[in-house]
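K.L.:
need coordinates for the below:
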Amino acid sequence: MRWAARAGIAGLALGAVATTVAVERLTVSRSVRRQAREALDAAGPFGTLRGTPGTAVADDGTELHYEVDELPEGVGPGGGTVVFCHGYCLNQDVWHYQRAALRGRVRAVYWDQRGHGRSAPGRAQRERGEPLHIEQLGRDLRAVLDAAVPDGPVVLVGHSMGGMTVMALVERHADYVARRVAGMALLSTSAGDLAQVSYGFPPSVVRAARRAAPGVLRVLGAQAELVERGRRAVGDLYAGLIRRYSFGAPDAVDPAVARFAERLIESVPIDVVAEFYPAFAEHATWGALTTLHTLSEDLPVLVLGGGRDEITPVEHSRRIAAALPAAEFVTLPDAGHLVLLEDPAVVTGRLLALLTRSIGCHGSTAD
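P.N.:
Predicted structure coming up:
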């Protein structure tokens, strides 16, 4: 009995030591990971490119932040302006590689969607409880265009939700597109039927998750501070999921680029994530493709998608291209959703070629 008691005490002691060591290792591991992330954040140039700031006011009073990269003095006048529209849970900095390549070649505008980056949360959602629709984002884009590009030809470039924003503008303002838009690029985006996307899971799992997601996100949105602490607590798992769904070959991506994508996504408050999420299930801008088809002979259009994209699968880009026979359709077989970060040389080269065809672009298109 005395031996058993001693054995029990020894076991408890060993358990306590093992627990202490495990906690210490976990703490050290978290500390090392945090230091590694901080080093990657400090080492990369991502998020450092800035332009002349401006503010557009949406039709519900929401203030939308944009920045303009003007042509430098001494460079001849450009033929127009290219406007970049970012995707869900990102901000204008996601265009880092394209922005760096285009500086000094063309006038460019970059803006943050409502609730993202430096733009204010949607007033219609926060003050009046109105649901957010992609159609509202098209109206937001029109406000940015009126403020930042009051005249001259425009090329619209949209990635993911940004491409949906561009198509929403086309659907609502077809006359504006016919008069002002000289070219268009739709990257890793969709004109509808996003409710059918499986994200690599069995259909039954996806259906159950979709039914639960809006309610779960509303609850999480009301506990924003708690959720942010949770994000930090499961940092490695969270970062792994971001890499998994952002890139087609996550292990081949530069760690600084992967960390940059993580920073972009985690910067969007959970209540904004919750506001936007329901809009994608109902998104449908097929009418925009009909309008673009009528203009396609005179309007250069680039449609580009990643072959391993599980957020907006390349089949969605293929359907857009099929509706626009004159469009240039490009597939990057090994790329995922964030093609502009994963394969920037190809994406930037295709954009430069589009800009040369549509509004002219200073310098070589072969960079």
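
K.L.:
wait, Gly307 sits on His337?
P.N.:
No: the criterion here is C-beta atoms under 8 Å, and Gly307 misses it with His337 at 11.2 Å. In this view, the C-beta of every residue, glycine as well, is placed from N, C-alpha and C.

K.L.:
compare these two (neighbour count), which wins?
P.N.:
Neighbour count, other C-beta atoms under 10 Å: between Gly307 and His337, His337 has more, with 25 against 15.

K.L.:
now the strands: where do they sit in the stretch 151-300 of the chain?
P.N.:
Residue ranges of the strands in the stretch 151-300 of the chain, as given by DSSP state E, counting those that start in this stretch, are 154-159, 181-187.

K.L.:
so can I have CSV of those strands showing distance to His316, mean pLDDT and mean neighbour count?
P.N.:
Compiled in CSV, the strands of the stretch 151-300 of the chain are given as follows (distance: least, C-beta to C-beta, whole Å; pLDDT from 0 to 100; neighbours: other C-beta atoms under 10 Å):
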stretch, distance to His316, mean pLDDT, mean neighbour count
strand 154-159, 13, 98, 27
strand 181-187, 10, 97, 26
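
K.L.:
could you point out which of the ones you listed sits nearest Gly79?
P.N.:
Closest to Gly79 of these is strand 181-187 (C-beta to C-beta; 7.9 Å).

K.L.:
how far does that closest one sit from the chain's center?
P.N.:
The chain centroid and the centroid of strand 181-187 are separated by 17 Å, computed with C-alpha atoms, centre = their mean, to the nearest Å.

K.L.:
in its sheet, what does it sit against?
P.N.:
Taking DSSP bridges as the criterion, strand 181-187 forms sheet pairs with strand 154-159 (parallel), strand 301-306 (parallel).

K.L.:
could you report the neighbour count for Leu292?
P.N.:
Using other C-beta under 10 Å, Leu292 has 25 other residues around it.

K.L.:
give me the distance between it and Leu141.
P.N.:
15 Å (C-beta to C-beta, to the nearest Å).

K.L.:
output the below-cut-off pLDDT ranges for the stretch 251-367 of the chain.
P.N.:
Low-confidence segments of the stretch 251-367 of the chain, defined by pLDDT under 70, are located at 296, 363-367.

K.L.:
make a markdown table out of the strands of the stretch 151-300 of the chain and add distance to Ala147.
P.N.:
What follows is these, written out as a markdown table (distance: least, C-beta to C-beta, whole Å):
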| stretch | distance to Ala147 |
| --- | --- |
| strand 154-159 | 13 |
| strand 181-187 | 17 |
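
K.L.:
which one of those strands lies nearest to Gly61?
P.N.:
Across the strands of the stretch 151-300 of the chain, closest to Gly61 is strand 154-159 (C-beta to C-beta), at 23.8 Å.

K.L.:
then the closest one to CSV, C-alphas only?
P.N.:
Taking Å, rounded to 0.1, in the frame of the first residue of the first chain, the C-alpha atoms of strand 154-159 are listed here in CSV:
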residue,chain,number,x,y,z
VAL,A,154,-10.4,53.8,-67.7
VAL,A,155,-9.2,50.2,-67.5
LEU,A,156,-10.8,48.3,-64.6
VAL,A,157,-8.9,45.4,-63.0
GLY,A,158,-10.7,43.2,-60.4
HIS,A,159,-9.6,40.2,-58.4
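
K.L.:
how far is it from where the chain is centred?
P.N.:
With C-alpha atoms, centre = their mean as the basis, strand 154-159 stands 14 Å off its chain's centre.

K.L.:
could you report the neighbour count for Ser246?
P.N.:
Here the number of neighbours of Ser246 (other C-beta under 10 Å) works out to 25.

K.L.:
distance of it from Thr290?
P.N.:
Taking C-beta to C-beta as the measure, Ser246 falls 32 Å from Thr290.

K.L.:
which residue is nearest the centroid of this structure?
P.N.:
Residue closest to the average C-alpha location in the chain (C-alpha atoms, centre = their mean): Gly87, at 2.9 Å.

K.L.:
contacting residues around it?
P.N.:
Listed by C-beta atoms under 8 Å, 6 or more residues apart in numbering, the contact partners of Gly87 are 94, 159-163, 188.

K.L.:
ok, Ala284 next?
P.N.:
The neighbourhood of Ala284, defined by C-beta under 8 Å, 6+ apart, consists of 191-193.

K.L.:
if anything else comes up later, I'll come back, but that's it for now.
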